[in-house]
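Return a 3D structure for these sequence lines:
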Amino acid sequence: MKFILLLAVLLLLLFALEKLLNKFLKVEKKKISDTPGKKIDQWGRGIILVIFLSALWSVVNNDSFLIKKQFWMGYLILLGGFEAILEYVYLKNSKQYITTIIMVLVTLIFILNIERFIEL
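All right, here's what the predicted structure looks like:
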């Protein structure tokens, strides 16, 4: 129950942080799917998903919490980095990629310190 409450608070904070960053940077939220990069986005996300789903079975069977953390951090870095690169390339004159990078960094910091928030 405590973990679910923690996730709810984290999602609320991330949502508020994204809104504040977009307002501060004067970013109009746009979708990559409205640009010529739509297919690249779909294929890239699909490939990243398949790679991590195929590696997931070895992580789930492992008892090390550190390996599980590193797995999810790696997934987040690849997915967030891919999204930020596509935003930089296809959403010209937009600083939306900065918001994406900051959100990935904040989430990585949370995942890195998750032991302090929950009891294992």
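
on contacts alone, who are the packing partners of the lengthiest helix in the chain?
Identified as the longest helix of the chain according to DSSP state H is helix 65-90. Using 3 or more CB pairs under 8 Å, 6 or more residues apart in numbering; DSSP states H and E, the elements in contact with helix 65-90 are helix 38-60, helix 96-112. Yep, even glycine has a C-beta here, placed from its N, CA and C like the rest.

so that helix versus helix 96-112, what angle?
If you take axes from the mean of the first three to the mean of the last three CA atoms, to 10 degrees, helix 65-90 sits at 180 degrees to helix 96-112.

in helix 65-90, what's buried?
The neighbour-count check on helix 65-90 (16 or more other CB atoms under 10 Å) flags 69, 71, 75-76, 78-80, 82-84, 86-88, 90 as buried.

So what's the model's average confidence on stretch 9-17?
Over the span of stretch 9-17, the pLDDT mean works out to 92.

should've said stretch 81-94
Mean pLDDT, stretch 81-94: 92.

contacting residues around that stretch?
27-28, 30, 32, 35-37, 40-41, 44-45, 48, 96-97, 100-101, 104 (CB atoms under 8 Å, 6 or more residues apart in numbering).

No more questions from me, cheers.
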